[in-house]
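Asks: when you get a sec, could you give me coordinates for this:
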Amino acid sequence: MYNKQQGGFTLIELVIVIAILSILAAVAIPMFTDLRSQARTARLAAVAGSFSSASAVNYASCLVTGGGATAVANCGALSTMVTGIGTVTVISGATPTAGSYNLKSSELLTNGAAGTCTLFDPQGSSTTFSAIGASSCS
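Replies: I've put the predicted structure just below:
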């Protein structure tokens, strides 16, 4: 007679594989949740960098053309210089408006000098960036 053996995995092999996959999942899930907060922080820094670059380009345009650039006497005046990020609300206090980026307008910028502006993201986190005033460019 022909003796036929069946092949396959034993129960202990299957249990070991499930245990290894469980350990990998337990390690990977916290890393993915941490990536969300890192991505939000990086996005806020990128938007702040956009505002900083826009103010520098605006001031350079003021120097080259001798006027005609947007007058920037405070950080709130930068709100229209960056597009594609959604609504940018200008606030005077430290309480941001939920659902939009917020620029504090109370921080004054001197013509040709770098100043510090505060930007809040839609979730309420904040960062500071450097901006150049251009109050004599209008």
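
Asks: and the helices in the protein, which stretches?
Replies: Along the chain, the segments classed as helices by DSSP state H run 11-65.

Asks: show me the shaky parts of it.
Replies: Along the chain, segments meeting pLDDT under 70 span 1-4, 138.

Asks: redo that, cut-off 50
Replies: Within the chain, no stretch has pLDDT under 50.

Asks: burial count for the closest residue to Thr41 other than its chain neighbours?
Replies: Nearest residue to Thr41, sequence neighbours excluded (Cβ to Cβ, 6 or more residues apart in numbering): Ser125, at 7.1 Å. Any C-beta I mention is one placed from the backbone N, CA and C, and that applies to glycine too. Burial of Ser125 is recorded as 14 neighbouring residues (other Cβ atoms under 10 Å).

Asks: now Thr127
Replies: Thr127 sits with 15 neighbouring residues when counted by other Cβ under 10 Å.

Asks: now do the one 4 residues further on
Replies: Number of residues near Ala131 (other Cβ under 10 Å) recorded here: 29.

Asks: chain neighbours aside, what residue packs nearest to it?
Replies: Ser55 (3.9 Å).

Asks: ok, Thr87 - contacts?
Replies: Gly99, Ser100, Tyr101 (Cβ atoms under 8 Å, 6 or more residues apart in numbering).

Asks: sorry, back to before: could you measure from the residue nearest to Ala131 over to Gly133?
Replies: Distance check for Ser55 against Gly133: by Cβ to Cβ, to the nearest Å, it reads 8 Å.

Asks: which neighbours do those two share?
Replies: Common neighbours of Ser55 and Gly133 (Cβ under 8 Å, 6+ apart) are Val72, Leu109.

Asks: neighbours of the closest residue to Val82 other than its chain neighbours, how many?
Replies: Distance criterion Cβ to Cβ, 6+ apart; nearest residue to Val82, sequence neighbours excluded, is Ser50 at 4.7 Å. The tally of other residues near Ser50 (other Cβ under 10 Å) stands at 18.

Asks: and for Asn74?
Replies: For Asn74, the neighbour count with other Cβ under 10 Å is 20.

Asks: beta-bridge partners for it, please?
Replies: Per DSSP bridges, the residues bridged to Asn74 are Leu108.
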